[in-house]
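In: Any chance you could fold what I've pasted below:
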Amino acid sequence: MAHYDLVIVGSGSGNSLVTPDFDDWRIAIVEQGVFGGTCLNVGCIPTKMLVYPADLADHPREWQRLGLHGGPPVADWPAIRDRIFGRIDAISTGGRAYRESGTPNVTLYEAHAEFAAPRTLELSTGERLTADHVVLATGSRAVVPPEVLDSGVPFHTSDTVMRVDRLPERPIILGGGYIAAEFAHVFGGLGATPTVLARNGLLRHLDDEITARFTNLVRDRWNLRTGCRVASLAGSDGDLQVTLDDGTTVAGDLLLVATGRTPNGDRLNLKAGDVDAYPDGRIKVDAQQRTSAEGVWALGDASSDYQLKHVANHEERVVAHNLAHPEDLTASDHRFVPAAVFTSPQLASVGLTERVARKLDKRFVTTLQHYGGTAYGWAMEDTSSVCKLIADPASGRLLGAHLMGEQAATLIQPLIQAMSFGLGVREMARGQYWIHPALTEVVENALLSLDLD
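Out: Prediction:
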């Protein structure tokens, strides 16, 4: 039985824990899957590398009103796919090799791990590891509804769909969240005709006004079906039929299941390690990322409400600090967690939605500023993109920000900064220059239009 100062289960954000602070620690990393975690291999990075060519291919729909003429480009799917994974796979392979031989105080175990006793892990190889500290960074996995599994039809999740051999012509996407919205844009932008089956609507976590505007826009681009359930599935690869509970049938050549992700804590035998979890499988942690078991920590999708890489990275830095400085513990800051959906149009949000602000009985004011009200918006002939702000009229502080449109994920950053550092609306609007005629003027105008006390 090998003993370590630290055992890290998971090679995503957990891999980044190994900093020079721990050069004199004996460390083990346990990874049963592809090295590098979800974001690198099947999540944020490869999907955005798909989204970018889809964005470019989608631009010709705007050409005519700008005086440009021509047809959309033809997508070479194998070339797009191989460009992405030619880079991604090399990074993953290089990361594994570095941990195998480039860091002498780290041992990599390629195996599944679960608790056999407190701070004792049993590996699928038959080995047992004990440790002074254990960090659980095991991430999450795709959820596949029973009706899909029981049907026996071939399907993909975000883990597999990016590596298919050809671009589907009529993909069927089951789900209405981030993954569904992004892949509908990818496939649609590259020339396919996607059908999206979103039983409860699209992107319900967003502000209701943004969701409604987005839904109205994409109805013209996708075959969007809401308010109905899957009754049955049939067919084979390339020839699939989904029957809905309203009696209608949808046909397609590929099924992408995008119905969410679930934490992997249920695969760790947490009870044997005295580690508590919520009913949904998330590992319980305190503000310092400590679990209920002494010496055991958790971070990222395994424990967080936010299945976001930037949150996992933040929590990893907190855990790394707390391991290295037990006399000076720090807490994770989840006050203003932003998120973006890289679909078309792009979406970004931070803070409270109007619905939540009302539920919390907050006093607030809102404003909705159109991109088309700025000079750059005129250049784009933009008629649909918006910036919505929610603020406390008494303090002048932002409570929430929600954008839909070109570069929303970038334009929201100064608003995140203002909320994080307590900058008031008036100070932000008039305490700095805003480049004219940059698109950031939509943020400036939105700030100025808030009706504060």
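In: CA only for contacts and neighbour counts going forward, please
Out: Will do.
In: helix, strand or coil for V186?
Out: helix (DSSP: H, G, I helix; E, B strand; the rest coil).
In: any idea how far Q346 is from G405?
Out: For G405, the distance to Q346 (C-alpha to C-alpha, to the nearest Å) stands at 5 Å.
In: What values do phi and psi take at R225?
Out: In terms of degrees, to the nearest 10, the main-chain angles of R225 are phi -120, psi 120.
In: Could you do A418 as well?
Out: Dihedral angles (degrees, to the nearest 10) for A418: phi -60, psi -40.
In: Also H3?
Out: The phi/psi pair for H3 (degrees, to the nearest 10) is phi -110, psi 140.
In: That one: neighbour count?
Out: 15 (other C-alpha atoms under 10 Å).
In: Bridge partners for it, pull those for me.
Out: For H3, the beta-bridge partners are T130 (DSSP bridges).
In: Please apply the same query to L197.
Out: Per DSSP bridges, the residues bridged to L197 are L174, R225.
In: need the contact list for it.
Out: I172, I173, L174, G175, G176, L224, R225, T226, C228 (C-alpha atoms under 8 Å, 6 or more residues apart in numbering).
In: gap between M1 and A111?
Out: Taking C-alpha to C-alpha, one finds M1 at 15 Å from A111.
In: For D266, grab phi and psi.
Out: Backbone torsions of D266, given as degrees, to the nearest 10, read phi -70, psi -10.
In: How about the secondary structure of the closest residue in space to it that isn't next to it in sequence?
Out: Nearest residue to D266, sequence neighbours excluded (C-alpha to C-alpha, 6 or more residues apart in numbering): G281, at 5.8 Å. Secondary structure, three-state DSSP: G281 is coil.
In: Now do the domain split for the chain, please.
Out: 2-140+262-324, 146-259, 345-449 (automatic domain parsing).
In: helices and strands around the longest helix seen in the chain, which ones?
Out: Ordering each helix of the chain by length in residues (DSSP state H) puts helix 77-97 first. Judged by 3 or more C-alpha pairs under 8 Å, 6 or more residues apart in numbering; DSSP states H and E, helix 77-97 is in contact with helix 37-41, helix 44-58.
In: all helices of the protein, in order?
Out: Listed in chain order (using DSSP H), the helices of the chain are 37-41, 44-58, 77-97, 146-151, 178-189, 208-218, 309-324, 354-359, 375-380, 408-411, 413-421, 425-430, 441-449.
In: what about the first one, distance to the chain center?
Out: Translated: helix 37-41. Counting by C-alpha atoms, centre = their mean, to the nearest Å, helix 37-41 is centred 11 Å from the centre of its parent chain.
In: how long is stretch 421-438 from one end to the other?
Out: For stretch 421-438, the first and last residues are 24 Å from each other (C-alpha to C-alpha).
In: Buried residues, it. List them.
Out: Residues of stretch 421-438 classed as buried: L423, G424, V425, M428, A429 (neighbour count, 16 or more other C-alpha atoms under 10 Å).
In: Quick one, grab the pLDDT at the third one.
Out: Same thing as V425. Looking at V425, its pLDDT is 97.
In: Test my guess that it contacts G400.
Out: No: V425 is beyond contact range of G400, at 11.7 Å (criterion: C-alpha atoms under 8 Å).
In: what about the nearest residue to L202 once chain neighbours are set aside, neighbour count?
Out: Spatial nearest neighbour of L202, chain neighbours left out: G176 (4.5 Å); criterion: C-alpha to C-alpha, 6+ apart. Residues lying near G176 (other C-alpha under 10 Å) number 25.
In: Who are the contact partners of G176?
Out: Contacts of G176 (C-alpha under 8 Å, 6+ apart): V196, L197, A198, R199, N200, G201, L202, L203, A258, T259.
In: phi, psi of it?
Out: Main-chain dihedrals, G176, degrees, to the nearest 10: phi -140, psi 20.
In: Just the buried subset of the contacts of G176, please.
Out: Applying 16+ other C-alpha under 10 Å to the contacts of G176, the neighbour count classes V196, L197, A198, G201, L202, L203, A258, T259 as buried.
In: what separates the residue nearest to L202 from M162, distance-wise?
Out: For G176 relative to M162 (C-alpha to C-alpha), the value is 18 Å.
In: do the same with R225
Out: 23 Å.
In: and what of P20?
Out: According to C-alpha to C-alpha, P20 stands 36 Å off from M162.
In: for P73, same thing?
Out: In terms of C-alpha to C-alpha, P73 sits 20 Å off from M162.
In: the more surrounded of these two?
Out: Neighbours per residue (other C-alpha under 10 Å) separate P73 from M162, with M162 holding more: 22 against 14.
In: correct me, but that one touches R81?
Out: Yes: when contacts are counted by C-alpha under 8 Å, M162 is listed as touching R81 (7.0 Å).
In: What's the per-residue pLDDT of the residue lying closest to A331 once chain neighbours are set aside here?
Out: What sits nearest to A331 in space, not counting adjacent residues and going by C-alpha to C-alpha, 6+ apart, is Q288, at 4.5 Å. Among the per-residue scores, Q288 holds a pLDDT of 98.
In: can you count the residues close to the nearest residue to D328 once chain neighbours are set aside?
Out: Leaving aside its sequence neighbours, D328 sits nearest to N322 (C-alpha to C-alpha, 6+ apart; 7.1 Å). Neighbours of N322 under the rule other C-alpha under 10 Å: 19.
In: Quick check: the gap between N322 and N264.
Out: From N322 to N264 the distance is 24 Å (C-alpha to C-alpha).
In: And D245, by the same measure?
Out: From D245 to N264 the distance is 32 Å (C-alpha to C-alpha).
In: So between those two, which is more surrounded?
Out: Shown here are D245 and N264; by other C-alpha under 10 Å, N264 has more neighbours (20 against 13).
In: what's the nearest residue to the more buried one if we skip its chain neighbours?
Out: Using C-alpha to C-alpha, 6+ apart, the nearest residue to N264 is S140, at 5.0 Å.
In: what are the bridge partners for the one you found, then?
Out: P263.
In: ok, now which ones touch the spatially most central residue of the chain?
Out: Nearest residue to the geometric centre of the chain (C-alpha atoms, centre = their mean): L308, 4.6 Å. L308 sits next to G300, D301, A339 when contact means C-alpha under 8 Å, 6+ apart.
In: Surely the first one is in contact with S13?
Out: Looking back up the chat, that one is G300. Yes: using C-alpha under 8 Å, G300 is in contact with S13, at 7.5 Å.
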